[in-house]
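Peer 1: Would you be able to build a 3D model of this:
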Amino acid sequence: METTAGLTFRDATDADVDTLVALVESAYRGDDSRAGWTTEADILEGQRTDPEGVLAVIKSPDSKLLTVERDGQVVACCQLEHRGTYAYFGMFAVSPSLQGGGLGKVIIAEAERIARETWGVIEMHMTVISVRDDLIAWYERRGYRRTGQMAPFPYGDERFGLPQRDDLQFELLVKKLA
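Peer 2: The predicted structure is shown next:
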């Protein structure tokens, strides 16, 4: 366990699954998500993740699901997955009531440090829904760059939500860590 700025970082366990699903859902979907700025409620309805998806990340040998606590309460999480020379960053969620206060900056910096030190990776990759200009701008301020490489949104697969638009796709963002 690492401690940074009053936060405790640890690997998620099976016992965290329900808490982490609720956190991710609260940060991105439904009315609760509107308390924060990361909401996808206007472009996607339905679920963002499910217990099976979270458990798969926890169990994967090449992956970590970092759980972030403050005062014993889970306040954020993010996935790190080792993919050769880079790590994939995903499932990033901060409790909506704590968004906008600098917590995300601390967490992403710590995730980058952990990926670099654990796996010796030289880059971090992530995918972001391309219409999320505010979110992409936030990542750009953290040193990520848009690549223009797009991947299709999985329309028709309700595990990823129910799209409210027909122009959704994922853009790859990359940051050099070395």
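Peer 1: hey, which helix is longest across this structure?
Peer 2: helix 103-119 (DSSP state H).
Peer 1: Pull the contacting residues for the residue minimising distance to the centre of the chain.
Peer 2: Centroid check for the chain by Cα atoms, centre = their mean gives Phe92 as the closest residue, at 1.7 Å. Counting by Cβ atoms under 8 Å, 6 or more residues apart in numbering, Phe92 makes contact with Ala76, Cys77, Cys78, Gln79, Gly104, Ile107, Ile108, Met126. Every C-beta, even on glycine, is put in place using the N, C-alpha and C of the backbone.
Peer 1: what do you get if the cut-off is 7 Å, keeping everything else the same?
Peer 2: Cys78 (Cβ atoms under 7 Å, 6 or more residues apart in numbering).
Peer 1: Could you measure from the residue lying closest to Ala178 once chain neighbours are set aside over to Gly143?
Peer 2: With sequence-adjacent residues excluded and distances taken as Cβ to Cβ, 6 or more residues apart in numbering, Ala178 is closest to Ile122, at 4.3 Å. Plainly put, Ile122 is 13 Å away from Gly143 if you go by Cβ to Cβ, to the nearest Å.
Peer 1: do Arg116 as well
Peer 2: In terms of Cβ to Cβ, Arg116 sits 13 Å off from Gly143.
Peer 1: same thing with Ala22?
Peer 2: Taking Cβ to Cβ, one finds Ala22 at 30 Å from Gly143.
Peer 1: repeat for Leu177
Peer 2: In terms of Cβ to Cβ, Leu177 sits 9 Å off from Gly143.
Peer 1: thinking again about what came up before, Provide the strand pairings for the helix or strand that the longest helix of the chain is followed by, with the direction of each partner.
Peer 2: Next helix or strand after helix 103-119 toward the C-terminus (DSSP states H and E): strand 123-129. Using DSSP bridges, the strands paired with strand 123-129 are strand 86-94 (parallel), strand 169-176 (antiparallel).
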